[in-house]
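**Q** For reference, the sequence and a predicted model appear below.
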Amino acid sequence: MASTTDQQDIPESPGEGFSPSEHSQCYSDMSDTEVQEPAGSPDFYSAKTSMASTPTTDYFPDSEEELYDDEPSDLPAIPINYNRGRRTSVSAESMAPSQDKDYVKIFIPKTPEQRKRIEASIANNFLFKNLDEEQYKDVIDAMVEKKVEQNEEIITQGGIGDFFYVVETGTFDVYVSKNGAAPELVHHYGAGGSFGELALMYNAPRAATVVATSDAVLWALDRVTFRRILMENTSRKRRMYESFLEEVPILVSLEPYERHKIADALESLYYEDNQLVIKQGDIGNNFYLIESGEARVTKVDDDGIEHELPGLNKGEYFGELALLNNKPRAVNIRAKGRLKVATLGKKAFVRLLGPVVDILKRNSDNYETITRSVQ
Ligand SMILES: Nc1ncnc2c1ncn2[C@@H]1O[C@@H]2COP(=O)(O)O[C@H]2[C@H]1O
């Protein structure tokens, strides 16, 4: 039987798509309710742009009031503080292909070399995971290369969302100004990063300003293609993990946006009673958060005697130690009853949990005390 422990790294790239069969008794779960889009009407985001013509209806609001028209909406709930108290526009083009007969795929000619560069830029980006062949091709066809210079402002907070961007080369800083206060630096992006999805997902003004801190190359994806192909999966995943991540004690100090990036990277796995999740001595590749159920923790001492350690419950985490210290797994972890975990691969763990590494390290000092007390 194939190992069900984390010896098998969970891949990050779409090419290596994580499939349930790779975990013989556990499986990933992405099921959730679908995003409901109001049908039909064009909105102010069907904007003209200097970069590419999009097959959308041109419509420009005359006033701020019209921009943030307050009608009932089925759009995904916008996370607090993304639009800084402004009301969101609610009308959006239909994303259901059957209702979207006028949609014309965007095709921007590219050299094979450009296609390769796009593929490399999106290879480790979670938003591009789980696309089928046609969707993957449509996204690449629609992308536009954008060369930018150091200090160029790509996105301005409060502005209209027209494009989503993937970074091929270069670096970017993100600033957020709250309630008219001076902008604060909140984030950096480098190669493989992506930004600009929020305004497109939520029909909201740009939530942050993004400035190039070096000369850079971006690939821009128009709003319509983003919404048709990338949005559903992204918003479903973010909603799926939103309330859970808010309640995970180790993540409370993170910004809502940082939790969203974690949600993009998580995969849910199930384990049946007594099934091994982590085997003591193995190399560690994943970090785990308990979504539901309980986990048993045991440690085998030098004489081969297995000791029971305090178990873990919903909202608690495990698997960080081997990743933090590059050491073999320190204990065995098994499901106690049915266990559901959300897991991050090593690269995502390092990238996304950077802000809480000190807390993780501090907490890990307790392990020794606990272990000593049971041996
Ligand atoms: N802390 C943050 N809050 C909001 N947006 C952020 C943050 N950090 C990075 N961003 C990105 O900056 C982008 C600005 O444009 P959008 O609001 O469309 O989407 C935003 C996110 O992709």
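**A** Received, thanks.
**Q** switch to C-alpha atoms for all contacts and neighbour counts from now on
**A** Will do.
**Q** ok, which stretches of the stretch 51-200 of the chain are strands?
**A** Here the stretch 51-200 of the chain has its strands, by DSSP state E, counting those that start in this stretch, at 144-148, 153-155, 163-169, 172-176, 184-189, 194-195.
**Q** Identify, out of these, the most deeply packed stretch.
**A** Sort the strands of the stretch 51-200 of the chain by mean neighbour count, taking mean count of other Cα atoms under 10 Å, and strand 163-169 sits at the top with a mean of 24.
**Q** who does it pair up with?
**A** With DSSP bridges as the test, strand 163-169 is paired with strand 194-195 (antiparallel), strand 216-222 (antiparallel).
**Q** now the angle between strand 184-189 and that strand, please.
**A** Going by axes from the mean of the first three to the mean of the last three Cα atoms, to 10 degrees, strand 163-169 is angled at 60 degrees with respect to strand 184-189.
**Q** who touches stretch 140-153?
**A** With Cα atoms under 8 Å, 6 or more residues apart in numbering as the test, stretch 140-153 has contacts from 51-52, 105-110, 115, 118-119, 209-222, 225.
**Q** same thing with stretch 246-258?
**A** Residues outside stretch 246-258 that contact it (Cα under 8 Å, 6+ apart) are 79, 245, 259, 315-316, 352, 355-356, 359-360.
**Q** rewinding a little: which of the contacts of stretch 140-153 are close to the ligand?
**A** Here is what survives when the contacts of stretch 140-153 are matched to the ligand using Cα under 6 Å from any ligand atom: Thr209.
**Q** Can you flag the buried ones in the contacts of stretch 140-153?
**A** Buried subset of the contacts of stretch 140-153 (neighbour count, 16 or more other Cα atoms under 10 Å): 52, 106, 115, 118-119, 209-214, 216-222, 225.
**Q** okay, now Arg329: neighbour count?
**A** As a burial measure, Arg329 scores 21 neighbours (other Cα atoms under 10 Å).
**Q** list the contacts for Leu321?
**A** Counting by Cα under 8 Å, 6+ apart, Leu321 touches 327, 329-330, 364.
**Q** circling back: narrow the contacts of stretch 140-153 to those in helices?
**A** Applying DSSP state H to those, the entries found in helices are 115, 118-119, 225.
**Q** Between those, which sits nearest the ligand?
**A** When the ones in helices among the contacts of stretch 140-153 are compared for distance to the ligand (Cα to the nearest ligand atom), Thr225 wins out at 14.5 Å.
**Q** Pretty sure that closest one sits against Val139.
**A** Yes - using Cα atoms under 8 Å, Thr225 is in contact with Val139, at 6.9 Å.
**Q** Tell me the secondary structure at the residue of the chain most remote from its centre.
**A** Centroid-distance maximum for the chain: Asp303 at 43.6 Å, with Cα atoms, centre = their mean. With DSSP: H, G, I helix; E, B strand; the rest coil as the basis, the three-state label of Asp303 is coil.
**Q** Could you check how far Val357 is from the ligand?
**A** Counting by Cα to the nearest ligand atom, to the nearest Å, the separation of Val357 from the ligand is 19 Å.
**Q** so where does that residue fall, helix or strand?
**A** Taking DSSP states H and E as the definition, Val357 sits inside helix 357-374.
**Q** before we move on, back to that, from Leu131, how far off is the residue farthest from the centre of the chain?
**A** Separation of Asp303 from Leu131 (Cα to Cα, to the nearest Å): 50 Å.
**Q** And Lys178, by the same measure?
**A** Here the criterion is Cα to Cα. By it, Lys178 lies 35 Å from Leu131.
**Q** Next to the ligand, which bits of this protein? Give me the list.
**A** Within the chain, the residues that sit near the ligand (Cα under 6 Å from any ligand atom) are 82, 161, 174, 186-187, 195-200, 206-209, 257.
**Q** Closest to Thr234 out of the contacts of stretch 246-258?
**A** Arg259 (13.0 Å; Cα to Cα).
**Q** Are we agreed that the closest one is in a strand?
**A** No - applying three-state DSSP, one finds Arg259 to be helix, outside a strand.
**Q** residue contacts, it?
**A** Neighbour list for Arg259: 242, 245-246, 251 [criterion: Cα under 8 Å, 6+ apart].
**Q** before we move on, what about His188?
**A** 171-174.
**Q** Tell me what it is bridged to.
**A** Under the criterion DSSP bridges, His188 forms beta bridges with Asp173.
**Q** Next, report how far stretch 355-362 is displaced from the centre of its chain.
**A** 21 Å (Cα atoms, centre = their mean, to the nearest Å).
**Q** buried residues in that stretch?
**A** Of the residues in stretch 355-362, those buried (16+ other Cα under 10 Å) are 357, 360.
**Q** ok, and what's touching it?
**A** 250-251, 253-254, 320, 324.
**Q** Out of these, which end up buried?
**A** Applying 16+ other Cα under 10 Å to these flags 250-251, 320, 324 as buried.
**Q** Quick one: residues contacting Lys315.
**A** Slight slip there: residue 315 is Gly, not Lys. Neighbours of Gly315 in contact, by Cα under 8 Å, 6+ apart: 244, 247-249, 289-292.
**Q** make it 6 Å
**A** Gly315 is in contact with 248, 290, counting by Cα atoms under 6 Å, 6 or more residues apart in numbering.
**Q** Provide the backbone phi and psi angles at it.
**A** Here is the backbone geometry of Gly315 (degrees, to the nearest 10): phi 90, psi -10.
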